[in-house]
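Visitor: predicted model and sequence follow; I will ask about them next.
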Amino acid sequence: MGRSGKLLLRLKITAEVDGIEGDYMITFGRRNRDNAAVGYVYAKADALGGREADAERYSAPIKALTGKEPRVIERSDGRIDIICGREHLDGFMRYAELADAIEKWLEETRR
């Protein structure tokens, strides 16, 4: 559950990108206005190489596993957001380890 009381889906991917092994966590929720499934990751400023490098490292396994590049948005305050949509969830559902959890979350959060 998120702070708003809404059910969230967190996917944890362990991967090595550019020689750096890490756990990459993507949190999916439902957008209020249209109930669309949207996943967010925020690049960390203290990551090796800074936010830009962190965003690239997050994007690589997402694209490799789903076949779709996530949207990367650089904000005016310097923050970098990595955004995944339903097409990414569909890509993740190709993996048996994730398919049941994703399908259950989609069903429980459907309006």
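Guide: Here it is on my side, so go on.

Visitor: what about the strands in this protein?
Guide: For the chain, the strands defined by DSSP state E occupy 9-17, 20-30, 37-42, 71-74, 80-84.

Visitor: His88: what's it in contact with?
Guide: 39, 62, 66, 68, 70 (CB atoms under 8 Å, 6 or more residues apart in numbering). Quick note: C-beta positions are derived from backbone N, CA and C, even for glycine.

Visitor: separation between it and Gly49?
Guide: 24 Å (CB to CB, to the nearest Å).

Visitor: same check on Arg10?
Guide: Distance, Arg10 to Gly49, by CB to CB: 24 Å.

Visitor: okay but Leu8 is in contact with Ile26, surely?
Guide: No - Leu8 is beyond contact range of Ile26, at 10.4 Å (criterion: CB atoms under 8 Å).

Visitor: of those two, who's got more company?
Guide: Ile26 (22 against 15; other CB atoms under 10 Å).

Visitor: the more buried one and Asp34, how far apart?
Guide: According to CB to CB, Ile26 stands 20 Å off from Asp34.

Visitor: swap in Met25?
Guide: 24 Å.

Visitor: same check, this time on Pro61
Guide: Pro61 sits 27 Å away from Asp34, going by CB to CB.

Visitor: those two: which is more packed in?
Guide: Set side by side, Pro61 and Asp34 show more neighbours around Pro61, with 17 against 8, by other CB under 10 Å.

Visitor: hmm, Ala15 and the more buried one touching each other?
Guide: Yes - between Pro61 and Ala15 there is a contact under CB under 8 Å: 4.3 Å.

Visitor: what sits in contact with each of these two?
Guide: Tyr24.

Visitor: who touches the residue nearest the centre of the chain in this structure?
Guide: Closest to where the C-alpha atoms of the chain average out (CA atoms, centre = their mean) is Ile26, at 3.1 Å. Residues near Ile26 by CB under 8 Å, 6+ apart: 10-11, 13, 39-41, 62, 84.

Visitor: closest one of the contacts of His88 to Glu107?
Guide: If you rank the contacts of His88 by distance to Glu107 using CB to CB, Gly39 comes first, at 17.3 Å.

Visitor: pull the number of nearby residues for Leu48.
Guide: Leu48 has 12 neighbours, counted by other CB under 10 Å.
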